[in-house]
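In: Mind folding the following:
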Amino acid sequence: MKKVKPIVSVILILVLLSLPSCVMPSVGEMRQEVMTDAIEPLKEGGTLTDNRHGASSDGGSPNPGFSDAENRILEGLVSMEEKISLEGLGLSSDALRAAFCRVVNYSPELFYVSSTYSYSHIGRDITAVFPSYLFGKDETEKKMAFFKESVRKLTAGVDPDWSDLEKAIYLHDAIVSHYEYDTEHENFDAYSFFKTGRGVCQAYTLAYLAVLSEVGVTADIATSAEMDHTWNKVMIDGAWYHVDVTWDDPVGNVPGESQHQYFLLSDSGVDKRGKIHSGWESVLYESVCADVRYDDFFWKDVMTPFAPLGGEWYFISPGEEETYLCKTDFVTAENVTVLEGAWDVLDEENMIWIGFFSGMFPLDGKIVYNTGTSVMEYDPADGSSTLAGAPELGDSRIYGCYPEDGKIMCVLSREPHSVDYTVVPVK
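Out: Numbering: from 1, shown residues only. This is a model prediction of the structure:
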């Protein structure tokens with residue numbers, strides 16, 4: 001029998017989450033030609049600036065959204081195989097390109113996979129793909145251990161009995177309140193995001209996808225080439241919604257603060273009232289976000305993370321005259337108590353900033369929040385608020401608080417929503 005030697009072609013592809021697809025020139029009949037595509041990585045866009053002043057899984061398991069070829073590629077990449085056999089699948093070079101892009105774009109744990117791969121083919125049928133990896137196996141294992149531990153820490157507070165909505169909002173707030181936008185545009189993947197605490201929209205999107213997957217919430221990625229932006233779609237009770245974690249964490253958000261303007265929006269809701277999302281495509285699932293029930297939900301004005309305690313979810317609701325500590329079951333909400341506190345304008349007599357600039361989280365059966373000068377604890381058992389402690393203020397005020405390694409950390413600044421702040425522990 002005459003043996004046919006496979007032809008090996010090399011193709012360079014930059015897998016960019018900000019683009020709806022990976023487009024390459026057709027190989028055509030020049031199958032041994034080296035093809036390259038120099039798509040520019042996303043350098044701009046994907047963030048908001050807040051100028052207000054007082055006003056995953058282990059990977060490798062079959063993905064039900066993937067084709068047989070994509071799951072075979074996924075399994076090979078997770079195992080860091082040098083050659084992934086694709087014989088008998090009838091893939092063309094274009095189909096391989098699309099499959100490779102979908103797998104890498106949808107898998108946060110594949111941060112170590114290079115954008116360059118080779119493939120062999122007989123005729124027009126692909127027989128194998130030869131991936132390239134950014135790191136050796138030993139280094140990748142160390143980085144993967146950190147990646148998994150980061151996902152574990154973020155999801156450690158999730159109660160398995162929570163609804164998907166509760167899991168989604170808790171993890172949304174965990175990311176928004178502890179990470180920040182990378183204004184240097186250096187960190188694009190979930191590993192770099194976890195390692196540095198900073199990232200662009202792709203990093204936010206992949207990190208949120210990783211933690212949602214870890215707790216069993218179905219999610220996807222939406223990309224818009226015309227916006228140079230990417231965000232998530234999340235399935236709640238069988239319906240799809242947009243969640244833009246990046247835009248809920250605008251530049252000017254301080255640690256311990258979490259906005260909810262872009263949480264669980266419909267297609268129409270995410271493209272109105274200045275939300276200006278347009279031209280998106282989904283990476284994995286063909287989905288329409290038709291349910292509008294959360295487009296104008298009460299959480300759109302909530303600036304603190306939601307704090308779970310004793311089967312209730314607490315949040316701070318700023319009012320025109322008074323600020324309330326509230327609780328909710330995410331169907332209705334009720335006021336619990338009035339919160340006292342004001343933030344004076346430094347170097348200006350008899351002037352205050354309008355707003356209540358607090359973080360909030362549960363600790364030892366109580367709800368912790370801050371005023372401008374101290375950290376307070378609210379006890380649901382008797383409805384009392386008592387002093388928990390205070391940092392050394394210096395020439396600043398407290399504009400947020402959050403827990404870290406068993407300590408209460410305070411964000412100190414001279415004014416609200418300033419990028420010039422310091423973080424100190426409460427004594």
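
In: Give me the contacts around the longest helix anywhere in the chain.
Out: Counting by DSSP state H, the longest helix found in the chain is helix 137-155. Under the criterion CB atoms under 8 Å, 6 or more residues apart in numbering, residues 56, 58, 80, 108-109, 111-112, 133, 135, 171, 174-175, 190-191, 194-195, 210-211, 214-215 lie in contact with helix 137-155. The way it works is simple: take the backbone N, C-alpha and C, and place the C-beta from them, glycine included.

In: Report the inter-axis angle for the helix or strand following it versus helix 137-155.
Out: Counting by DSSP states H and E, the element after helix 137-155 in chain order, helix or strand, is helix 164-178. Going by axes from the mean of the first three to the mean of the last three CA atoms, to 10 degrees, helix 164-178 is angled at 110 degrees with respect to helix 137-155.

In: State the mean pLDDT of helix 164-178.
Out: For helix 164-178, the mean pLDDT works out to 97.

In: Please tell me how far it is from the chain's geometric centre.
Out: 9 Å (CA atoms, centre = their mean, to the nearest Å).

In: who are the neighbours of the next helix or strand after it, in terms of helices and strands?
Out: Remark: after helix 164-178, the chain's next helix or strand is strand 180-181, criterion DSSP H and E. On a contact count with 3 or more CB pairs under 8 Å, 6 or more residues apart in numbering; DSSP states H and E, strand 180-181 meets strand 198-199.

In: Apart from its chain neighbours, what residue comes closest to residue 114?
Out: Sequence neighbours aside, residue 132 is the residue nearest to residue 114 in space, at 3.8 Å (criterion: CB to CB, 6 or more residues apart in numbering).

In: doesn't residue 116 make contact with the one you found?
Out: Yes. Residue 132 lies in contact with residue 116 (CB atoms under 8 Å); the separation is 4.6 Å.

In: More neighbours: which of the two?
Out: Shown here are residue 132 and residue 116; by other CB atoms under 10 Å, residue 116 has more neighbours (17 against 13).

In: looking at this, that one is in a strand?
Out: Yes. Under DSSP: H, G, I helix; E, B strand; the rest coil, residue 116 falls within a strand.

In: any idea how far it lies from residue 347?
Out: 56 Å (CB to CB, to the nearest Å).

In: Run a quick neighbour tally on residue 74.
Out: The number of residues packed around residue 74, counting by other CB under 10 Å, is 25.

In: my guess is it contacts residue 67, does it?
Out: No. Residue 74 is beyond contact range of residue 67, at 10.3 Å (criterion: CB under 8 Å).

In: Show me which positions of the longest helix of the chain end up buried.
Out: Buried residues in helix 137-155, counted by 16 or more other CB atoms under 10 Å: 140, 143-144, 147-148, 150-151, 154-155.

In: average pLDDT for that helix?
Out: Mean predicted lDDT for helix 137-155 stands at 97.
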